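Sharing a model prediction with you, sequence too.
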Amino acid sequence: MLSKPPSPYRRPATIGAVIAAALGAGLLAVPGSATAAEVRIHDIQGSTRVSPHAGEKVADVPGVVTAIRAFGSSRGFWIQDEKPDRDQATSEGIFVFTGAKTPEVKVGDSVQVSGTVTEYYPGGAEAGLQSVTQITKPEYKVASSDTGLPAAFKLNASTVPDRYAPDADGGSIEDVKLKPRSYALDRYESLEGMRTQLSDAQVVGASSEFNELWATAEPRTNRTERGGTLYSSYKDQNGGRVKVTSLLPFDEHPFPKANVGDRLDGVTAGPLDYDQFGGYELQATELGKHQDKGLKHEKTRKAGSSELSVATYNVENLSPKDKPAKFDRLAEAVVANLASPDVIALEEVQDDNGPTNDKVVAAGETLKKLTEAIAAAGGPKYEARQIDPADDQDGGQPGGNIRVGFLFNPERVSFKDVAGGDANTAMKPVKDDNGKVTLSANPGRIDPADKAWENSRKPLAAEFTFKGKPVFVVANHFNSKGGDQGLEGLHQPPARTSETQRQAQATVVNTWVKSLLALDPKARVVVAGDLNDFDFSPSLDTLTKGGVLTDLVTRLPRDERYGYVFNGNSQVLDHMLTSRGIRKADYDIVHINAEFADQASDHDPQVLRIRP
């Protein structure tokens with residue numbers, strides 16, 4: 001109670017006058033509403049991820065306009081309180097959502113906003129992502145203009161904690177009190193809607209077609225050899241990663257086409273937001289100057305006359321409907337960057353009409369266009385082998401019928417076709433009349449009826465002969481990580497539900513390789529492809545169980561173990577593994593795609609050279 005009641009309380013003429021006076025003084029509130037005297041931005045944001053005022057109406061919330069989103073269907077503006085509290089857990093900024101209506105404010109306006117506090121869940125409440133606290137259905141008035149903006153919070157190694165997120169044993173962290181000095185996700189949440197800043201930002205995820213890139217506040221942490229950030233453990237998620245987008249007019253300020261290792265010199269600043277495609281993002285009102293560090297496309301060496309070269313390459317939904325430029329770029333990479341490998345295991349080869357969802361499953365035209373492009377680029381006249389899948393049974397883009405397959409150079413290796421391989425027949429290792437190990441079908445699928453391959457690509461095995469010696473190559477494309485909870489989501493640690501199927505798939509392949517080695521312990525086996533999992537994952541532990549196979553990526557220096565970049569994390573998804581019969585293997589991940597804004601595929605190819 002105030003020590004000296006205002007004059008309306010001393011001589012109330014009526015009960016109505018008393019109530020009106022109390023409302024005006026901020027001493028009473030209508031249920032479901034709050035007045036400016038009671039609520040400021042930090043009160044709305046609260047010290048957890050959900051506002052304590054969610055669902056309530058607020059009135060005359062003060063703040064200065066720091067940024068405006070004047071495009072798209074999610075327009076609005078950010079305001080920030082000029083009088084922060086002393087609690088680091090409570091953000092001083094918030095987004096005012098105006099929908100499709102362009103806000104009638106300017107940056108630097110000092111405003112008072114009334115409206116309803118809501119929690120917006122990107123992707124929907126069931127997506128498992130964190131929410132964004134907003135003021136919706138707003139009414140606002142400008143008190144003054146040309147107000148100076150609050151200083152931006154500096155994101156760097158000293159302000160972003162090493163630990164990523166609190167451990168809720170897989171449960172939600174939504175109602176857990178924020179500890180911004182302890183966890184990176186808590187630090188970012190405590191800055192939601194506030195002006196933040198990166199200085200001389202190191203690019204760790206190349207610019208995308210959606211005009212966004214990934215930078216890091218911790219450029220020295222887990223640095224790769226080419227300037228990225230290595231994801232090397234489930235416990236080390238690299239909390240310094242922040243997505244950067246732009247609020248600047250693109251015609252006046254084109255978004256930079258940046259590669260990994262480039263830098264945004266100077267200050268990159270703007271309000272910190274959150275979206276469904278990567279979590280926290282800096283909506284830049286100021287972009288540092290793009291500094292091109294000249295990242296080069298790698299080239300591997302040509303195999304010697306006594307070496308067999310085997311490659312794996314995910315060609316990302318390749319179909320005849322792709323532009324000729326994609327075929328040309330893939331062909332150039334095969335010839336110039338991969339030095340025309342003798343055998344290539346391909347992943348994501350689509351059928352002859354691509355994503356058109358009909359009964360077409362053949363991929364002859366797709367492979368013909370690719371092999372012709374390679375020959376035109378000066379490469380070998382490759383032959384192709386693959387098995388058409390059953391329609392719509394192998395996952396991937398609807399209608400695309402993606403599959404794995406092989407290209408091989410008949411001038412260097414020979415291939416004996418053995419009938420019997422089809423979409424549903426299991427091929428097995430057998431001994432021929434001379435007691436030598438061969439395949440019951442060549443090429444052939446590995447146990448395609450096993451439940452492990454449900455709605456997923458089936459592995460394809462083939463026997464090649466190099467200088468009179470057989471080499472068995474298995475092309476793989478394990479199921480995707482779709483359905484896994486995101487690193488930056490509400491559930492910590494996130495559940496990796498897709499891992500169960502990949503472990504089952506790894507068991508099938510491991511068992512098949514064992515069956516072949518039981519017939520010939522010295523057999524030369526290469527298991528290659530997009531396994532959609534990390535070198536430190538249970539799936540790779542299962543695949544290599546018993547020393548049956550060696551994952552060659554583990555033989556590389558730590559800062560070279562990547563061939564894919566996701567949300568600023570450089571990581572391994574593609575692998576090449578060898579049996580004990582291959583004593584020496586010269587292995588190379590050839591970086592030509594994943595780190596670049598201009599990509600022919602989102603995966604880097606890999607090559608190994610062996611002397612059978």
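The structure has been received and is ready for your questions.

Once you drop chain neighbours, what's closest to D417?
N442 (6.1 Å; Cβ to Cβ, 6 or more residues apart in numbering). Heads up, the C-betas are built off the backbone N, CA and C, glycines and all.

Next: N424.
P448 (5.8 Å).

surely A165 meets Q492?
Yes: applying Cβ atoms under 8 Å as the test, A165 and Q492 come out as touching, 4.4 Å apart.

Overlap of the contact sets of these two?
173, 185 (Cβ atoms under 8 Å, 6 or more residues apart in numbering).

May I see the buried residues of stretch 224-234?
224-232 (16 or more other Cβ atoms under 10 Å).

who are the neighbours in contact with E92?
41-42, 45, 80-81, 84-85, 150, 193-194.

how about 7 Å then?
41-42, 80-81, 84, 194 (Cβ atoms under 7 Å, 6 or more residues apart in numbering).

so what's it scoring on pLDDT?
E92 carries a pLDDT value of 98.

where do the helices sit along this structure?
For the chain, the helices defined by DSSP state H cover 15-25, 41-45, 184-190, 324-332, 364-376, 499-519, 538-543.

so can I have a markdown table of those showing mean pLDDT?
Output for the helices of the chain, formatted as a markdown table (pLDDT from 0 to 100):
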| stretch | mean pLDDT |
| --- | --- |
| helix 15-25 | 34 |
| helix 41-45 | 98 |
| helix 184-190 | 98 |
| helix 324-332 | 98 |
| helix 364-376 | 98 |
| helix 499-519 | 98 |
| helix 538-543 | 98 |
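
Next one: E411 relative to K381, how far apart?
The gap separating E411 from K381 is 8 Å, by Cβ to Cβ, to the nearest Å.

Tally up the residues packed near the nearest residue to V565 once chain neighbours are set aside, please.
Spatial nearest neighbour of V565, excluding adjacent residues (Cβ to Cβ, 6+ apart): A594 at 4.6 Å. Number of residues near A594 (other Cβ atoms under 10 Å) recorded here: 24.

just G148 next, same as before
9.

Tell me the confidence at the closest residue to it other than its chain neighbours?
Take G148 and drop its neighbours on the chain: the residue closest to it by Cβ to Cβ, 6+ apart is G108, 7.4 Å away. Per-residue pLDDT puts G108 at 98.

which parts of stretch 417-433 are buried?
418, 421, 423, 426-429.

mean confidence for that stretch?
Mean pLDDT, stretch 417-433: 97.

So which residues make contact with that stretch?
387-390, 437-449, 461, 515-516, 519.

try 6 Å
387, 389-390, 437-445, 447-448, 515-516, 519 (Cβ atoms under 6 Å, 6 or more residues apart in numbering).

Count residues in the vicinity of Y274, would you?
Neighbour count for Y274, taken as other Cβ under 10 Å: 24.

what are the bridge partners for the spatially closest residue to Q386 that is not a sequence neighbour, then?
Sequence neighbours aside, G405 is the residue nearest to Q386 in space, at 3.1 Å (criterion: Cβ to Cβ, 6+ apart). With DSSP bridges applied, G405 shows beta-bridge pairing to L346, Q386.

Rebuild the helices of the chain as CSV, extending it with mean neighbour count and distance to N357.
Below are the helices of the chain laid out as CSV (neighbours: other Cβ atoms under 10 Å; distance: least, Cβ to Cβ, whole Å):
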stretch, mean neighbour count, distance to N357
helix 15-25, 13, 61
helix 41-45, 24, 46
helix 184-190, 26, 39
helix 324-332, 18, 21
helix 364-376, 19, 16
helix 499-519, 19, 23
helix 538-543, 20, 30
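
Next, format those as TSV and append distance to V473.
Listed next are the helices of the chain as TSV, based on distance: least, Cβ to Cβ, whole Å:
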stretch	distance to V473
helix 15-25	79
helix 41-45	56
helix 184-190	42
helix 324-332	20
helix 364-376	17
helix 499-519	12
helix 538-543	15
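
ok, the residue lying closest to L191 once chain neighbours are set aside - how many residues close by?
Leaving aside its chain neighbours, L191 sits nearest to L272 (4.8 Å; criterion: Cβ to Cβ, 6+ apart). Other residues near L272 number 26, with proximity taken as other Cβ under 10 Å.

just to revisit the earlier point, out of the buried residues of stretch 224-234, which one sits closest to L608?
E225 (19.2 Å; Cβ to Cβ).

Give me the nearest residue to that closest one, chain neighbours excluded.
Leaving out its chain neighbours, the residue that sits closest to E225 by Cβ to Cβ, 6+ apart is D559, at 4.6 Å.

What is the burial count for the one you found?
The burial count for D559: 15, using other Cβ under 10 Å.
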